[in-house]
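Asks: just coords:
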């Protein structure tokens, strides 16, 4: 396992993404990515101001980059979103984004899992599994990703695979709008 700070981590993550040829699996545990750039988006700002119609229009108009990249990669793409109640405004906005962008345009399968429905298992934060062989495990501070641990082929990722199986068994599949 090696740790890389944010800028280097994004570059290394791209290598894992580009090499994946079967499956991309992501777990999101953080309830509010308050310091990430996406949160400063006009869509999210409109959502926070109560103008959900405007937020959705902006969301749909700007749906091209990630969804196009994921759609063009013909692999299984599954995402688990761990949710806590009450939902944060960010989480409500993000779930709408899944329904309008990630699922129909990015060919993702998205599951919601209420944290109260899973055993007291230690979720190591947000992580991604590539082809069941590699893992990128994100570290956050005050809502911003500061770095990632990378586990390469041949390293022990059994804990992540076990958590994946557990969460897939507990998840409720979200449908597009």
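Replies: Yep, that arrived. This is a predicted model, so every value here is computed, not measured.
Asks: for the chain, what spans make up the strands?
Replies: Along the chain, counting by DSSP state E, strands occupy 2-5, 23-28, 76-83, 108-114, 127-130, 134-141, 144-151, 172-173.
Asks: same for the last one, what does it pack against?
Replies: Contacting strand 172-173 under the criterion 3 or more Cβ pairs under 8 Å, 6 or more residues apart in numbering; DSSP states H and E are the following elements: strand 108-114. (C-beta placed from N, C-alpha, C; glycine too.)
Asks: which residues are contacting the strand it packs on?
Replies: 70, 76-85, 95, 98, 102-103, 167-168, 170-174 (Cβ atoms under 8 Å, 6 or more residues apart in numbering).
Asks: what do you get for stretch 78-96?
Replies: Residues contacting stretch 78-96 (Cβ under 8 Å, 6+ apart): 23-29, 31-34, 39, 43-44, 47-48, 52, 55-56, 59, 98, 102, 108-116, 118, 123, 164, 167-168, 171, 174, 177.
Asks: quick one: that stretch to chain centroid distance?
Replies: Centre-to-centre, stretch 78-96 and its host chain are 10 Å apart (Cα atoms, centre = their mean, to the nearest Å).
Asks: Buried by neighbour count: which residues of it qualify?
Replies: 78, 79, 80, 81, 82, 83, 90, 91, 93, 94, 95, 96 (16 or more other Cβ atoms under 10 Å).
Asks: Flag the shaky bits of this structure, pLDDT-wise.
Replies: 34-35, 37-40, 65-68 (pLDDT under 70).
Asks: how about the helices in it?
Replies: 6-19, 42-48, 52-61, 65-71, 89-97, 103-106, 158-170 (DSSP state H).
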